[in-house]
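Asks: Predicted model and sequence follow; I will ask about them next.
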Amino acid sequence: MTSQDNHSRTQAPSHVSGRQARKSSRWLGRLMALAVLVVWPLVLVGFFISSCGEEREFFDEPLMRQLGARPDRITSYDFHGLMVPGTKEDAKRLGFSDCSANDAFFYCTRPRMGKFLGVEVRAASLILDEMDNFIETRFSIQKRNPGVFSYRSIQIEFGPTFYDTDCLNKHNKERPGHAWVRLLECRKNDGIDYFKYLLQADGWVNDTSGRGRVDAYYKRGIPLEIEVGIVNGTANIRPFPLKDVELITQAQAQAASTPAPHDDSQASREKFVRSMKQ
């Protein structure tokens, strides 16, 4: 055996190990690049989720705490012969027996209702579903009560109020400088406007505190809200927490007792109208 052969044999392990090291280094680099491509987006996603979660928790904490607590239960309230909310038996007893089936609920109407609070009724309806309609809340009901049908509210349709145009023109021309108004004495029928007038005359008030709905009425001591729809002339009667009713009526009473600032704009407008005729 020559010295050259011995040299080749001694150098072969070093050559092979160097090639293996380079190969391992390339694989290690690829793995690290892959880890960066995979892990870094996950880190970013986790960061944004955590930050959004913190922000959502900050803003929704009172609501989530309220929704997480065990809600109070309510009982049916008899409002001029209408039980709100009510069971399937209540609906049948009140005459809401003409029902049509839907995938999630039954739509039931009462064919003949006559008058309600002195106003002629066109139609009345309610929805029987499997929601837990006896929870005390200002929010929408989310909890289901499978197999038990009940209703949350009753909708009464009075229809729009129509007016005599000549009568309106006559009365508004006699009030120059004033805003155009629809006087109830010019109405052709009762409708929803007359129903609203009767509610206000009976002490029902709108909400100015932001706790209720914009087009709804509340009365001290009555755990209900009556939401009015002007376009279709409907009134939706549903339960409302009594503590919130008290806050709404108190805010309205305070606003009514606060003296309004003196306004000379009306007198100025009337003076302008007279000057144009001179």
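Replies: Great, that's in hand. Because the structure is a prediction, the values reported are computed rather than measured. Numbers count the residues shown, from 1 in each chain.
Asks: contacting residues around N189?
Replies: Applying C-beta atoms under 8 Å, 6 or more residues apart in numbering to N189 gives the contacts 120, 159, 161-162. Any C-beta I mention is one placed from the backbone N, CA and C, and that applies to glycine too.
Asks: okay, the residues you listed in JSON lines with pLDDT and secondary structure next?
Replies: Listed next are the contacts of N189 as JSON lines, based on pLDDT from 0 to 100; DSSP: H, G, I helix; E, B strand; the rest coil:
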{"residue": "E120", "pLDDT": "95", "secondary structure": "strand"}
{"residue": "G159", "pLDDT": "95", "secondary structure": "coil"}
{"residue": "T161", "pLDDT": "94", "secondary structure": "coil"}
{"residue": "F162", "pLDDT": "94", "secondary structure": "coil"}
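Asks: Among the residues you listed, name the buried ones.
Replies: Neighbour-count burial (16 or more other C-beta atoms under 10 Å) applied to the contacts of N189 gives 159, 161.
Asks: Adding distance to M131, write the contacts of N189 out as a markdown table.
Replies: Shown next, in a markdown table, are these (distance: C-beta to C-beta, whole Å):
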| residue | distance to M131 |
| --- | --- |
| E120 | 31 |
| G159 | 29 |
| T161 | 33 |
| F162 | 37 |
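Asks: Just give me the closest of the contacts of N189 to S100.
Replies: G159 (21.6 Å; C-beta to C-beta).
Asks: Phi first, then psi, for that closest one.
Replies: Dihedral pair for G159: phi 90, psi 160, per degrees, to the nearest 10.
Asks: nearest residue to it other than its sequence neighbours?
Replies: Residue nearest to G159 in three dimensions, not counting chain neighbours: G233, with 4.1 Å by C-beta to C-beta, 6 or more residues apart in numbering.
Asks: For that neighbour, what are phi and psi?
Replies: Torsion angles, degrees, to the nearest 10, at G233: phi 70, psi 50.
Asks: unless I'm mixing things up, it is touching T161, no?
Replies: Yes. Contact criterion C-beta atoms under 8 Å: G233 and T161 qualify, at 7.3 Å.
Asks: How about the contacts made by R93?
Replies: With C-beta under 8 Å, 6+ apart, R93 has no contacts at all.
Asks: pLDDT value on it, please?
Replies: pLDDT for R93: 97.
Asks: Now it, what are its backbone angles?
Replies: phi -70, psi -30.
Asks: again, but for the one 10 residues further on
Replies: Taking degrees, to the nearest 10, you get phi -60, psi -30 for the backbone angles of D103.
Asks: cool, and A123?
Replies: Dihedral angles (degrees, to the nearest 10) for A123: phi -160, psi 160.
Asks: so how far is Y217 from the nearest residue to it once chain neighbours are set aside?
Replies: Distance criterion C-beta to C-beta, 6+ apart; nearest residue to A123, sequence neighbours excluded, is E157 at 4.5 Å. Here the criterion is C-beta to C-beta, to the nearest Å. By it, E157 lies 17 Å from Y217.
Asks: picking that back up, which residues are common contacts for G233 and T161?
Replies: Common neighbours of G233 and T161 (C-beta under 8 Å, 6+ apart) are 191-192.
Asks: before we move on, the earlier item: neighbour count for E157 and Y217, which is higher?
Replies: Y217 (24 against 17; other C-beta atoms under 10 Å).
Asks: What residues does the more buried one make contact with?
Replies: 196, 199-200, 204-206, 225-226, 228.
Asks: The residues you listed into TSV, with extra columns for secondary structure, neighbour count and distance to K173?
Replies: Below are the contacts of Y217 laid out as TSV (DSSP: H, G, I helix; E, B strand; the rest coil; neighbours: other C-beta atoms under 10 Å; distance: C-beta to C-beta, whole Å):
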residue	secondary structure	neighbour count	distance to K173
K196	helix	22	25
L199	helix	20	30
Q200	helix	12	26
W204	coil	19	32
V205	strand	21	32
N206	strand	17	30
E225	strand	24	38
I226	strand	24	34
V228	strand	20	29
